[in-house]
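Engineer: predicted model, plus sequence, below.
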Amino acid sequence: MRGTRPGRTGPRLVAVGSATPPTSYTQQELLEIFRVEDPRIRSLFLNGGIQRRYLTLPPELPDGTRLAETQGDLLAKHLTSGVSIGTEAVQKCLKEARADVGDIGYLCCVSSTGFLTPGFSALLVKELGIPVTCSRLDVVGMGCNAGLNALAAVSGWATANPGRLAVMVCVEVCSAAYVFDGTMRTSVVNSLFGDGAAALALTSGGDTGPEITGFASRIIPEAVDAMRYDWDEQQGRFSFFLDQDIPYVVGAHAERAVGRLLAQAGLRRSDIDHWVIHSGGKKVIDAVRINLGLTRHDTRHTTDVLRDCGNLSSGAFLFSYQRLLEEAVVAPGDNGVLMTMGPGSTIETALLRW
């Protein structure tokens, strides 16, 4: 039976588009730029499964060092770069969907790398010329899992408005959330995250793209402080914090999160043909893979995105999803799982059927 459901009417993913800043750096280049000599920090950069990341670095000073950006500088970067890559991602997504900005009835923007009022949704309406009657939602501060939290909301709107186009765009300018103080805490973050935006177009009532057939969430309250974005009084700016044990916490709960998702659809893990998992870091990916009994082939797009772009926060899973589609291996009747992890600590999942 493989989860057959007569009269499927759920929203469908009709197109995806992604964008990155124009500048990228290898991990070795970043170590040289910031003159990092500490062997422990160098090991973080060089042994994390990442080769290159797209970033907007601070301006270079005459002595070759980089400007110490204020929180105001970082917020300006978040806005300017975010609008740029967010616009590009939406345009590419619409082109793939053979749609126009005038077709957008709902726009949801996701970000955790800065705080704006008005948010990216209003800014992109102005930048792209999206109809002023467009309904909007900004999901801010939920972290790397937020893409699937937002997708649930966007799916609800698409289901209630059949035939109309909804667009979700994850805009993460992680360059606007860095602190360069030489500590291991900040170096873990500095070695991992990259900038990028990814947009997803949805509609219901059509027959293009995979159908979303369910969502399942699992929050781990005892690990609520394991991933945070809070104020660093010494540095005078916001700063990410990642607990060193978070890969094991996520891995230990992955099976129960996925199990609930599949049970709702009457499926087993062996019924899943495609896995699209957040590129949270080498240890996170390995922990999830081992606990779910997946192969390296199952997580190939996840690890490739990590290698080429680093951790792109909320939009990372869409970069992996795009690579899956470009591979052209999906077939009618295939099932797929989308999975993101982030602060809370939280595991979010969604089920697709082609």
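Structural biologist: Received the coordinates, thanks.
Engineer: what about E326, how many residues nearby?
Structural biologist: Using other CB atoms under 10 Å, E326 has 10 other residues around it. In this view, the C-beta of every residue, glycine as well, is placed from N, C-alpha and C.
Engineer: what helix or strand is it on?
Structural biologist: Assigned by DSSP states H and E, E326 falls within helix 316-327.
Engineer: for that helix, packing partners?
Structural biologist: Using 3 or more CB pairs under 8 Å, 6 or more residues apart in numbering; DSSP states H and E, the elements in contact with helix 316-327 are strand 12-19, helix 146-160, strand 196-203, strand 274-277, helix 300-309, strand 335-342.
Engineer: out of the ones you listed, which one sits most buried?
Structural biologist: Burial of these is given as mean neighbour count (mean count of other CB atoms under 10 Å); strand 196-203 ranks first at a mean of 29.
Engineer: and the helices and strands packed on helix 316-327: which comes nearest P221?
Structural biologist: strand 335-342 (14.1 Å; CB to CB).
Engineer: one step back: turn the helices and strands packed on helix 316-327 into JSON lines, columns for distance to A76 and mean pLDDT.
Structural biologist: As requested, the helices and strands packed on helix 316-327 are arranged in JSON lines below (distance: least, CB to CB, whole Å; pLDDT from 0 to 100):
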{"stretch": "strand 12-19", "distance to A76": "19", "mean pLDDT": "98"}
{"stretch": "helix 146-160", "distance to A76": "23", "mean pLDDT": "97"}
{"stretch": "strand 196-203", "distance to A76": "17", "mean pLDDT": "98"}
{"stretch": "strand 274-277", "distance to A76": "33", "mean pLDDT": "98"}
{"stretch": "helix 300-309", "distance to A76": "23", "mean pLDDT": "98"}
{"stretch": "strand 335-342", "distance to A76": "25", "mean pLDDT": "97"}
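Engineer: hmm, back to that, average pLDDT across the helix holding E326?
Structural biologist: For helix 316-327, the mean pLDDT works out to 98.
Engineer: one more: stretch 47-64?
Structural biologist: Averaging pLDDT along stretch 47-64 gives 95.
Engineer: tell me where this structure has helices.
Structural biologist: Using DSSP state H, the helices of the chain run over 27-33, 39-46, 71-97, 120-128, 146-160, 184-190, 246-265, 282-292, 300-309, 316-327.
Engineer: not counting its neighbours along the chain, what's nearest D38?
Structural biologist: If the residues on either side of it in the chain are set aside, D38 comes closest to G182, at 7.3 Å by CB to CB, 6 or more residues apart in numbering.
Engineer: report how many residues lie close to that neighbour.
Structural biologist: By other CB under 10 Å, 13 other residues sit near G182.
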